[in-house]
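Student: Show me how the following folds:
(one chain, ligands or ions: 1)
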Amino acid sequence: MLFQNPRNRTVRVGDLEIGPDSPLVLMAGPCAVEGIGQLMASAEAAKAAGATILRGGCFKPRTSPYSFQGVGEDGLEILRRAADSTGLKVVTEVMDPSQVEIVASCADILQIGARNMQNYTLLRSMVAADGKPVLLKRGIAATIEEWLYAAEYILVAGSPVILCERGIRTFADHTRFTLDVSAIPAVKRQSALPVIVDPSHAAGCRHLVPALARAAVAVGADGLLVEIHPDPRGARCDKEQALLPEELQALSGDIAAIAAAVGRRFEVPVSVVP
Ligand SMILES: [Mn+2]
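Tutor: Now for the predicted structure:
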């Protein structure tokens, strides 16, 4: 194996730092951008729970071509407005090389989804991200070695990488995917890159998300990416797994307590009681 080992273990996003030497970072927001009202409510809920980064997909890779495909470029502006009005950073997915420049002009972190982890044309096209950090989700059937080689394409293209474990495909059908908790300490042995965990897409159902998030923090994740929605029943995408604002608040308190137990910090607003 020949991996670049960035000496700097910290990924900087403006004034925010992500990595093992920094406080845990919480990224939260809806699966998909639907409109300004939904995004503002999500951004306020994220902020109130101690999140510093707002998520939301504008271009959605969907299993079925008949499912909602996202609002497209218009969503980027909505995302930016909601984030700016609450003082949050933005992470959003880019699906195609032709979108890299426009997404990079709006987002603070570009996301490459699990389905695109080995889309080498897209990975190489991160050269157009102008050095902005890229959040690279692990493919649903990718080994750690394949994941790190995919990261390498992005590093070579000039962007720092944040790895994101989001569950892999196994025989188990009680969750949407199986969260590979062991991947977090395992990948950290081989790489200095920050690792965050997405418990939402692994679980696929709301009631399992907090437990998986707590486990991720306990094994050393550097942050979490959590789907929330002000009205999950009306969500156009992934409604089963979106946490309510008050559920994210409760999870934040748990995370602060677990972080402290494993020697990490997670800065929460005073309204969140650990
Ligand atoms: Mn989703």
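
Student: Could you tell me which residues of the stretch 151-274 of the chain lie near the ion?
Tutor: residue 238 (Cβ under 5 Å from the ion). Every C-beta, even on glycine, is put in place using the N, C-alpha and C of the backbone.

Student: what sits against the residue of the stretch 151-274 of the chain found nearest the ion?
Tutor: Minimum separation of the stretch 151-274 of the chain from the ion (Cβ to the ion) falls at residue 238, amounting to 3.7 Å. Neighbour list for residue 238: 31-32, 200-201, 227 [criterion: Cβ atoms under 8 Å, 6 or more residues apart in numbering].

Student: What of residue 104?
Tutor: Taking Cβ under 8 Å, 6+ apart, one finds 110, 128-130, 132 in contact with residue 104.

Student: now the residues you listed: which count as buried?
Tutor: With burial judged by 16 or more other Cβ atoms under 10 Å, the buried subset of the contacts of residue 104 is 110, 128-129, 132.

Student: So which of those are in strands?
Tutor: Residues of the buried ones among the contacts of residue 104 located in strands (DSSP state E): residue 110.

Student: Pick the one among the buried ones among the contacts of residue 104 closest to the ion.
Tutor: For these, the nearest to the ion is residue 110 (16.4 Å; Cβ to the ion).

Student: Pretty sure residue 90 sits against residue 107.
Tutor: Yes: between residue 90 and residue 107 a contact is recorded at 4.7 Å, counting by Cβ atoms under 8 Å.

Student: higher neighbour count, those two?
Tutor: residue 107 (27 against 24; other Cβ atoms under 10 Å).

Student: If I follow the layout properly, the more buried one ends up in contact with residue 99?
Tutor: No: at 10.6 Å, residue 107 does not count as touching residue 99 under the criterion of Cβ under 8 Å.

Student: For the ion, tell me whether stretch 54-62 is touching it.
Tutor: No: if you take Cβ under 5 Å from the ion as the test, stretch 54-62 misses the ion, and the best it gets is 6.7 Å.

Student: Show me which positions of that stretch end up buried.
Tutor: Those would be 54-60, for stretch 54-62 by 16+ other Cβ under 10 Å.

Student: can you list the buried ones among the contacts of residue 104 in TSV and add distance to the ion?
Tutor: Output for the buried ones among the contacts of residue 104, formatted as TSV (distance: Cβ to the ion, whole Å):
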residue	distance to the ion
110	16
128	25
129	22
132	22
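
Student: show me the contacts for the residue of the chain found nearest the ion.
Tutor: When scored by Cβ to the ion, the chain has residue 31 as its residue closest to the ion, at 3.2 Å. Residues near residue 31 by Cβ under 8 Å, 6+ apart: 56-57, 60, 227, 229, 235, 237-238, 242.

Student: Nearest to residue 263 among the residues you listed?
Tutor: For the contacts of residue 31, the residue nearest residue 263 by Cβ to Cβ is residue 227; the value is 27.7 Å.
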